[in-house]
Each structure stands twice: as structure tokens, then as C-alpha cells.
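Engineer: quick one, structure for this:
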Amino acid sequence: DPSTGRVLALTGGWSFDRSWFNRATQAQRQPGSSFKPFVYLAALEKGFSPVQKVLDAPFVVDLGPGQGRWRPTNYTETEFGGPTPMRVGLEKSKNLMTIRLAEHVGLDAVADVARRFGVIDAMERNYAMALGAGETTVIRMAAAYAAFVNGGRRVTPTVIDSVQDRQGRVIFRADQRPCERC
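Structural biologist: Numbers count the residues shown, from 1 in each chain. Okay, the predicted model is just below:
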């Protein structure tokens, strides 16, 4: 629930008896293209407009002496849109436009958004990260997307709402919001 952080469903593995490792909350995975909205948010925060055009064309990064060059592609490796509205780049998940945006706004700005939204605490500064090459958990991504719904307000994912002692006194409550009439 994006307004409260309450986890409504969770599948962390196929057999708790065989493995207590919860893949939703513990497994570090690459978010891939689901990370791109955070690059676009960094661009919006830097004053880019959703209709501003960004070049969708081949991109090459020199990785340094002896490292060669990195030539990322879009999903359709040979189709390029030329100057394309930023909004379309996000809608169509255009890798080359996302990297160009990361280049324009700076990887520090992208890393800051990733940190503030709780996706990646200390993102490496390379362009592959803009395409989701970093590592995070499914629960952190879900919480970050909830913040999009909430206009940027973060929520803490919770599985347990409250714990009461045998007399019914609440000894733990996940929701820490003040309630004057409770």
C-alpha cells in the first residue's frame, strides 16, 4: 500500500522449509529498466521538461586505457528515433536516451535520487548504472515506486502491523504517524 507501506503480498521463495532466505527482502538483484524512472526524475529535478528532446542515437563511452569502448544499444538494436521527447524515452524505455540524460544531469544527481528514494545507498558512478546495473532488493524498489505515488514521500515497508502483549497492550506498532483521537 503506497500510502502506508503495508506489504499486502510477499513471495520470497518457493519453500520456507528448505530455505529461510527471503528473495524479496534479502536478495540483491539488478533492477534493470525499472531503475530508469530515477534517471528521468533526476533530469526533471534539473529543469528538464517531459517534452524536451533527447537524442536517441548510438552512444560510445571510452572506458580508458586497455579497457576498450562500451557501446550500449536500445532493445531494437538498429532503430533510433533521433531527437525524441524525454517522455517518449521513458515510455519506450530507450536505453540510449536514458544514458544521455544521465550524462547531461550527471551521475552524481542520479546517485542522489537513488539514495533519497532508498533504491541504492552508494551508487557507483558509471553509465551502466543508469540502465539498472546496480544491485538492490525487490522490497526497496517497491518502496521507491510507492514514493512516486506519494509525490516523493517515502514509506517504510512493513509486514507486521502491530504486536500486543497478553493483556492487549500494544508493544509495537509499525505505523508511527501521530493520531490525536486514537
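Engineer: which residues in this structure form strands?
Structural biologist: Here the chain has its strands, by DSSP state E, at 53-56, 61-62, 69-70, 82-85, 162-164, 170-173.
Engineer: relative to Phe16, which of those is closest?
Structural biologist: strand 162-164 (20.6 Å; CB to CB). C-beta coordinates here come from the backbone N, C-alpha and C atoms, glycine included.
Engineer: what lines up beside the closest one in the sheet?
Structural biologist: Sheet pairing of strand 162-164 (DSSP bridges) gives strand 170-173 (antiparallel).
Engineer: touching, Gln26 and Thr137? I think so.
Structural biologist: Yes: the criterion here is CB atoms under 8 Å, and Gln26 meets it with Thr137 at 6.8 Å.
Engineer: the more surrounded of these two?
Structural biologist: Thr137 (19 against 13; other CB atoms under 10 Å).
Engineer: how far away is that one from Val170?
Structural biologist: Thr137 is 28 Å from Val170, where distance means CB to CB, to the nearest Å.
Engineer: could you say which of the strands of the chain is packed most deeply?
Structural biologist: strand 53-56 (a mean of 19; mean count of other CB atoms under 10 Å).
Engineer: packing partners of that strand?
Structural biologist: strand 82-85, helix 86-91, helix 95-105 (3 or more CB pairs under 8 Å, 6 or more residues apart in numbering; DSSP states H and E).
Engineer: partners of that strand in the sheet?
Structural biologist: Strand 53-56 has these strand partners (DSSP bridges): strand 82-85 (antiparallel).
Engineer: which residues sit against the strand it pairs with?
Structural biologist: With contacts defined as CB atoms under 8 Å, 6 or more residues apart in numbering, strand 82-85 is touched by Pro50, Val51, Gln52, Lys53, Val54, Leu55, Asp56, Ala57, Lys94, Met97.
Engineer: how about the nearest residue to the second one, chain neighbours excluded?
Structural biologist: The reference is to Val51. Residue nearest to Val51 in three dimensions, not counting chain neighbours: Pro85, with 5.0 Å by CB to CB, 6 or more residues apart in numbering.
Engineer: show me what that neighbour is bridged to.
Structural biologist: Bridge pairing for Pro85 - DSSP bridges - gives Lys53.
Engineer: confidence score at the residue sitting nearest the centre point of the chain?
Structural biologist: By CA atoms, centre = their mean, the chain has its centre lying nearest to Phe35, at 4.1 Å. Phe35 carries a pLDDT value of 98.
Engineer: I figured it hits Val119, correct?
Structural biologist: Yes: taking CB under 8 Å as the definition, Phe35 is a contact partner of Val119 at 7.0 Å.
Engineer: much appreciated, bye for now.
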